[in-house]
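Trainee: after the sequence you'll find the predicted model.
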Amino acid sequence: MAGQRRPTLLITLVDAFLVEGRGYFRDLLAAVGAADRNGVRLAAHGLKSSRLNMGAARLAQISLQVEQAAMTAESASLSAAMAAVGAALTDSEQALAGLRAEIVGLQAMPAALAAGAR
C-alpha cells in the first residue's frame, strides 16, 4: 500500500512545482517591473528554495543571483540573471513534466499487465 502512494505523492509534488514555479516567476516579473527590490528578493528566494527541493539546481542558482542582485541593487547583475530565469524555469518544467509522464506510464503498467494476463 505505501509503495502505491509514493508515485502519487511524487506526481503531486511535480504538479505543485509546475504551478508554484510559474507563480513565483510572475511575482518576480511584477516586482522587477515595479522596481520593488524587496519584492524581487522575496520572489527570487521563494523560487530558489522551492526549486532546490525538487532538484532544479540551475534554476535555484540563477534565482540566488537574482536575490543577491536585488539586495545589492546591482541593476546589470539583476538584468543578466533575469534573462536566464525564464529559460531555466522552462527547462526545469520540461524535465519534470517528462518525469511525471513516465511515472503515470509506470503506474498504468500493472493494470495493463493484469488485463493481459486474463
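Mentor: Looks like it arrived, so ask away. Given the structure is predicted, the values throughout are model-derived calculations rather than measurements.
Trainee: ok, Ile103 to Leu96 distance?
Mentor: Computed with CB to CB, to the nearest Å, the distance linking Ile103 and Leu96 is 10 Å. From N, CA and C alone the C-beta is placed, and that goes for glycine too.
Trainee: next one: Ala81
Mentor: Counting by CB to CB, the separation of Ala81 from Leu96 is 22 Å.
Trainee: next: Gly33.
Mentor: Applying CB to CB, the value for Gly33 to Leu96 is 27 Å.
Trainee: with Gln68 instead?
Mentor: Separation of Gln68 from Leu96 (CB to CB): 25 Å.
Trainee: between the two, which has more neighbouring residues?
Mentor: A side-by-side neighbour count of Gln68 and Leu96, using other CB atoms under 10 Å, places Leu96 first with 20 against 15.
Trainee: list the contacts of that one.
Mentor: In this structure, Leu96 makes contact with Val14, Phe17, Leu18, Met54, Ala56, judged by CB atoms under 8 Å, 6 or more residues apart in numbering.
Trainee: count of neighbours near the fourth one?
Mentor: What that stands for is Met54. Met54 - counted by other CB under 10 Å - has 20 other residues nearby.
Trainee: give me the nearest residue to Ala88, chain neighbours excluded.
Mentor: Closest residue in space to Ala88, ignoring its immediate chain neighbours: Leu59 at 4.1 Å, by CB to CB, 6 or more residues apart in numbering.
Trainee: list the buried residues in stretch 25-32.
Mentor: Phe25, Asp27, Leu28, Ala31, Val32 (16 or more other CB atoms under 10 Å).
Trainee: ok, now stretch 56-72?
Mentor: Of the residues in stretch 56-72, Ala56, Leu59, Ala60, Ile62, Ser63, Leu64, Gln65, Val66, Glu67, Ala69, Ala70 count as buried by neighbour count, 16+ other CB under 10 Å.
Trainee: since that was my last question, I'll sign off now.
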